[in-house]
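[1] Here's a sequence, model it:
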Amino acid sequence: MTVQWYPGHMAKARKTLEENLKLVNIVIELCDARLPYSSRNPAIDRIIGKKPRVLVFNKADLADPVQSEYWMDYYKKQGFTVVFTDAKAGDGVKKVIAAVNKAMEEKVNRSLERGRIATTLYAMVVGIPNVGKSSFVNKVAGKAAAKTGDRPGVTREKQWLSMGEDIYLLDTPGLLWPRIDNQFAAMRLAASGAVKDEVVDTGELCAFLLTFIDSHYPGALEARYGIKIPETEEFEDTGYVTETILGAERLAKGLAILEACGKARGCLVKGGSVDLGRAAALVLDDYRAGKIGKISLDFPEVLDEEADISLRNEEAARVKEEKRAARKANYRSRKNAKR
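    The predicted structure is shown next:
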């Protein structure tokens, strides 16, 4: 499975973001607290540049507090203003408003010194799909100002909303990046719901998710589904995936766990076999709703994972450039030989 999802409206969303960046004083970058690293869009990072920003990690109620603490410290050391929120409950939302005011304090003071009685601030909220942006906007605005949903891509058009305290917020559609090089990061995004289930193999995705939970949160799956983690890593249906970044062994174990979960929850077809599609949908829904527990998918090792991928990409680019240079040299040599 290769996870890539960049529908046409996202190209429009990127253009809208670029065009309206000059209209705002500050950016609120909304990410998923379960994926504090993987849910940060590098394209957004490049577009925003040095524009002041507040880094907000939403769905904190679903995330592992220990990992949240690590990532808060990680980003604060990089100079970011960081706030963790639960937009549905409203927890942390007022801290975001306070953080915006704090970040813009110097600008406001300069305006007051010039004789301006009041200064209106303009902020823009950006982020990938399904990080709870609409819920955040609704809570900030104090009303159901934006559509909400548990599927990516609900918000399509921009809208200005009052945050109170002379702050106006521009809402923008969720934006992924055109190519996700790190397919483990892509699987984490897909597991969180940032990528539509229709464009992924949910069986393989669940194999990734279940083996991750089994490894990092032992006992969580047993507690939720009343199962015993299969000791065998054999699974007769692994042939339906010809290539996987998980490796055959991890895929087999993940599918065996998925089968056990499906059997425990009655996801059966005629003859007593497990309907893996139904079982996968159930597990993904449970994870996204926090029913398996407070589970984060970004652990510190994702930094090493990303560094390794960057090195491989640099090496691939170097080899490609060497081949290009060799072809050019060969062409010049043959051209000179004909003279």
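[2] Pass me the low-pLDDT residue ranges in this structure, would you?
    1-11, 117-118, 143-159, 177-179, 232-243, 310, 312-314, 316, 338-339 (pLDDT under 70).
[3] At the geometric centre of it, which residue sits there?
    residue 39 (2.6 Å; C-alpha atoms, centre = their mean).
[4] Now do the helix ranked longest in the chain: distance to the chain's middle.
    Identified as the longest helix of the chain according to DSSP state H is helix 301-338. Centroid separation for helix 301-338 versus its chain: 30 Å, with C-alpha atoms, centre = their mean, to the nearest Å.
[5] and what of stretch 279-293?
    Remark: stretch 279-293 is offset 17 Å from the chain centroid, using C-alpha atoms, centre = their mean.
[6] Tell me the buried residues in it?
    Buried positions in stretch 279-293, judged by neighbour count with 16 or more other C-beta atoms under 10 Å: 279-284, 286-288, 292-293. C-beta coordinates here come from the backbone N, C-alpha and C atoms, glycine included.
[7] how about the CA coordinates for it, as CSV?
    Only the C-alpha atoms of stretch 279-293 are listed here, as CSV (Å, rounded to 0.1, in the frame of the first residue of the first chain):
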residue,chain,number,x,y,z
ALA,A,279,-13.3,-5.7,11.5
ALA,A,280,-10.9,-3.1,10.1
ALA,A,281,-13.6,-0.4,10.1
LEU,A,282,-14.5,-1.2,13.7
VAL,A,283,-10.9,-1.0,14.9
LEU,A,284,-10.3,2.2,13.1
ASP,A,285,-13.5,3.8,14.5
ASP,A,286,-12.5,2.6,18.0
TYR,A,287,-9.1,4.1,17.7
ARG,A,288,-10.3,7.4,16.4
ALA,A,289,-12.9,7.7,19.1
GLY,A,290,-10.3,6.9,21.8
LYS,A,291,-12.1,3.7,22.8
ILE,A,292,-8.9,1.7,22.9
GLY,A,293,-7.2,4.3,25.1
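[8] Give me the contact list for that stretch.
    Residues from elsewhere that reach stretch 279-293, judged by C-beta atoms under 8 Å, 6 or more residues apart in numbering: 61-62, 150, 191-193, 197, 202-203, 205-206, 209-210, 213, 217, 220-221, 223-224, 258-259, 261-262, 265, 267, 295.
[9] thinking again about what came up before, how about the residue nearest to the centre of the chain, phi and psi?
    phi -90, psi 10 (degrees, to the nearest 10).
[10] how about the strands of the stretch 101-250 of the chain, start to end?
    121-127, 159-164, 167-171 (DSSP state E, counting those that start in this stretch).
[11] Break the protein down into its domains, please.
    Following automatic domain parsing, the chain resolves into domains at 8-171, 201-288, 302-339.
[12] So which of the buried residues of stretch 279-293 belong to helices?
    Assigned to helices by DSSP H, the following of the buried residues of stretch 279-293 qualify: 279-284, 286-288.
[13] Can you show me the helices along this protein?
    So, for the chain - with DSSP H - the helices run 8-20, 42-48, 65-77, 93-103, 105-113, 133-141, 183-192, 202-216, 220-225, 248-264, 276-288, 301-338.
[14] Report the angle between the fourth one and helix 105-113.
    Computed with axes from the mean of the first three to the mean of the last three C-alpha atoms, to 10 degrees, the direction of helix 93-103 lies at 60 degrees from that of helix 105-113.
[15] Give me the buried positions along helix 93-103.
    93, 95-97, 99-101, 103.
[16] ditto for the longest one
    Of the residues in helix 301-338, those buried by neighbour count under the rule 16+ other C-beta under 10 Å are 302, 305-306.
[17] residue contacts, residue 21?
    The neighbours of residue 21, taking C-beta under 8 Å, 6+ apart as the test, are 27, 47-48, 51, 124.
[18] Adding distance to residue 107, write those out as a markdown table.
    As requested, these are exported to a markdown table (distance: C-beta to C-beta, whole Å):
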| residue | distance to residue 107 |
| --- | --- |
| 27 | 14 |
| 47 | 21 |
| 48 | 17 |
| 51 | 12 |
| 124 | 16 |
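[19] Export those residues as a markdown table, with columns for neighbour count.
    Output for those, formatted as a markdown table (neighbours: other C-beta atoms under 10 Å):
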| residue | neighbour count |
| --- | --- |
| 27 | 25 |
| 47 | 16 |
| 48 | 18 |
| 51 | 13 |
| 124 | 24 |
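[20] farthest-separated two in those?
    Comparing every pair within the contacts of residue 21 by C-beta to C-beta identifies 47 and 124 as the most remote, at 10.7 Å.
[21] Any chance you could list residues touching both of these two?
    17, 21.
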